[in-house]
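S.K.: everything below, folded, please.
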Amino acid sequence: MDAIHTYQLKRKMMLENRWLFATAHLLTRSETWKVTENSVFFPASVAILFASLLTACSSNQMSDRSELPDHISQLENLTVYDPDIQPADTVVLTRETIFESNEEVFMGGYIHHLAIDAKGYVYISSTRPGFVGIYVFNPDGSYVTSFSQHGRGPAEYESISSMSIVGENLYLFDTRLQKIGIFSIDGFKHVRDLLIDQSQLKENNVDYSQGMIANKLIVRKDGSFLVRLKSRPRNDPSFQHKEVYFKADENGKLLPTPYIQVDSHTYYFPDEQLSLPFPGAFSRSSLVAVGNDGRFYTNWTEDFIIQMYNSDGEYEKAYKHQIQNANLNIDELNLDRNMTNALNKYELPDSWPALHTMELDDEERLWVATITDSESEFSWWVLNKEGKVIARFRKEGERSKRTVVQKPIITIKNGFFYSHDRDLRQGIDRIVKYRMEFVEAE
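M.R.: Predicted structure coming up:
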C-alpha cells in the first residue's frame with residue numbers, strides 16, 4: 001500500500017471513530033506552546049519567553065567591509081548588522097485553532113496553499129491528481145463551504161500552484177492550464193478566468209520563454225498581476241536554472257520586460273541520463289517575498305543577506321546579519337542509495353544554508369527562519385523595513401525534511417501565525433493557527 005492510500009485510509013478511520021476524533025480535536029485547541037532545548041513544541045499552561053536577542057545595527061562605515069566576501073562587499077547601500085548583545089522583544093505563539101478534515105467536512109486532497117481574508121476566514125486549497133477543492137473555514141475552525149472543482153471549464157482547474165486574497169477577491173493560479181481564476185469572497189462566486197499569454201515574450205525575449213513555465217501569481221494591492229516563470233528541470237549540469245518575474249496586464253498577457261531575475265536552486269544530477277536533477281535538503285536556493293506594494297525582498301540562502309527592490313524591480317539596498325551556518329553531516333540525512341550515489345560525485349558543502357524560509361506579514365515585517373544546530377527547530381527572526389531585529393523565537397521544524405522547490409505554507413496576518421502541519425504516517429494534514437504576542441525581554 002503506497003503512502004497516499006495509507007494516508008487516506010488513516011484519515012477515513014479517524015472520521016469513522018467520531019468520538020475519538022472529537023476528543024482529539026478539542027485537545028488541540030486553545031493550548032499554549034513552549035520550546036525546550038531538545039524538543040519541539042508541547043502544550044503548557046504558561047508560555048515561555050525566549051532569551052535575549054543577539055543583534056545590533058551598524059552602518060557600512062561601522063563594519064569593516066574588507067572582511068566580507070567580494071560578492072557581498074560589492075553590494076551598494078549595504079548595511080551589516082553586528083551580533084552585539086542587545087535585548088529585543090520576544091514572540092510567544094499560543095496555539096488557538098486547527099483547520100482540517102473533521103465531522104463537518106472531508107477534504108479529499110492534500111493541503112497545498114493557504115489564504116486568509118481581512119475577517120480571519122481561512123481558505124485552503126486541497127488537491128491531488130484528478131481532484132481540486134477550495135475549502136473555507138470560519139476563524140474558529142468550523143466549516144463554511146467549498147467551491148471549485150477539477151476540470152478545464154469555467155471555475156474548473158487541474159492544479160493550484162498559488163492562492164491569495166486582495167481586496168474582495170480570491171485569486172488562484174493553475175500551472176497546468178496556465179490559468180488565473182478569480183472568485184468573489186462575498187458569496188464565493190466565480191468572477192472570471194484568464195489565460196496566461198506569453199506571446200510577447202516569445203516575440204521579444206526568447207531566452208525567457210524557452211524552457212520556462214509560469215507557476216506563481218502575485219496580486220498587488222492595486223490589483224495588478226506579477227507572474228513568476230521558472231525553469232523546467234533538465235538533465236544538463238551547465239544549465240542555469242532561474243526564476244523571472246514579469247508583469248501581466250488585466251487580460252493575462254505578460255509584458256516583455258522582466259522585473260527581477262534570481263537563480264533557482266542548487267541541483268544535483270544522477271548518473272542515469274533519463275533521470276531528472278534533484279535538490280537536497282541542504283541545497284542553496286533563492287527566497288523571494290513580495291509586499292502588497294510590490295516591493296521585492298530576495299535572498300540566496302547561503303548567507304543571511306536580504307536585498308530589497310522597489311515596486312518597479314529596481315535595486316534599492318541590502319542588509320546582512322552575521323550568523324554562523326550550522327555544520328552539515330550528509331550521513332545524518334538517511335538518503336536512498338540512488339541519491340547517495342549521485343551525491344558522491346560532488347564536493348558537497350560542509351554547512352547547511354543560513355536561511356530556511358522568509359515571509360512578509362500584513363504589516364510589512366519580514367519573518368526569517370534560520371537553520372540552527374538543532375534538528376527539531378528553526379530560529380525565527382522578525383525584522384522591520386530597515387532590517388533591524390524586532391524579535392526572535394524558536395519554532396519546531398526538521399531541517400532534514402526541507403524542500404527547496406517551494407517555500408513551506410506559512411501566512412502571518414491579523415495578529416496570527418498560520419503554519420502547515422503534515423505527517424502522512426500519522427494521517428495529519430492541517431493548518432494550525434497561533435495567536436502572536438510580542439513581549440519585551442527582561
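S.K.: I'd say residue 327 and residue 371 touch.
M.R.: No: with contacts counted by C-beta atoms under 8 Å, residue 327 stays clear of residue 371, the gap being 10.7 Å. Placement of C-beta: from N, CA and C, glycine included.
S.K.: which residues are common contacts for these two?
M.R.: Common neighbours of residue 327 and residue 371, using C-beta atoms under 8 Å, 6 or more residues apart in numbering, are residue 352.
S.K.: who are the packing partners of the helix or strand where residue 113 lies?
M.R.: Residue 113 is part of strand 110-116, with elements assigned from DSSP states H and E. If contacts are counted by 3 or more C-beta pairs under 8 Å, 6 or more residues apart in numbering; DSSP states H and E, strand 110-116 sits against strand 122-128, strand 162-166, strand 410-413, strand 416-423, strand 428-440.
S.K.: the first one: partners in the sheet, and parallel or antiparallel?
M.R.: Going back to what we said before, that points to strand 122-128. According to DSSP bridges, strand 122-128 forms sheet pairs with strand 110-116 (antiparallel), strand 131-137 (antiparallel).
S.K.: any idea how far it is from the middle of the chain?
M.R.: Taking C-alpha atoms, centre = their mean, to the nearest Å, one finds strand 122-128 lying 15 Å from the centre of the chain it belongs to.
S.K.: just the longest one next, same as before
M.R.: In terms of C-alpha atoms, centre = their mean, the centre of strand 428-440 is found 16 Å from the chain centre.
S.K.: can you give the contact residues for that strand?
M.R.: The contact list for strand 428-440 (C-beta under 8 Å, 6+ apart) reads 7, 11, 33, 47, 49, 87, 89-101, 107, 110-111, 114, 122, 124, 141, 390-391, 409, 412, 415-422.
S.K.: can you give me the buried ones in it?
M.R.: Buried residues in strand 428-440, defined by neighbour count with 16 or more other C-beta atoms under 10 Å: 429, 430, 431, 432, 433, 434, 435, 436.
S.K.: what's the answer for the second one, then?
M.R.: Within strand 162-166, the residues that qualify as buried by neighbour count (16+ other C-beta under 10 Å) are 162, 163, 164, 165, 166.
S.K.: one step back: including mean pLDDT, could the helices and strands packed on strand 110-116 go into CSV?
M.R.: Formatted as CSV, the helices and strands packed on strand 110-116 follow (pLDDT from 0 to 100):
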stretch, mean pLDDT
strand 122-128, 95
strand 162-166, 95
strand 410-413, 97
strand 416-423, 96
strand 428-440, 94
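S.K.: those strands: which one's closest to residue 342?
M.R.: Closest of the helices and strands packed on strand 110-116 to residue 342 is strand 416-423, at 26.3 Å (criterion: C-beta to C-beta).
S.K.: ok, residues contacting that closest one?
M.R.: Residues outside strand 416-423 that contact it (C-beta under 8 Å, 6+ apart): 93, 96, 98, 110-111, 114, 116, 120, 122, 395, 408-412, 428-436.
S.K.: cutoff 7 Å now
M.R.: 93, 111, 114, 116, 408-411, 428-436 (C-beta atoms under 7 Å, 6 or more residues apart in numbering).
S.K.: now the helices for the stretch 101-250 of the chain?
M.R.: 199-204, 206-209 (DSSP state H, counting those that start in this stretch).
S.K.: what's the least confident stretch among the ones you listed?
M.R.: Mean pLDDT values for these show the minimum at helix 206-209, a mean of 62.
S.K.: which element is encountered next along the chain beyond the helix or strand hosting residue 306?
M.R.: For residue 306, the host element (DSSP H and E) is strand 305-309. Sequence-wise, the next helix or strand downstream of strand 305-309 (DSSP H and E) is strand 315-321.
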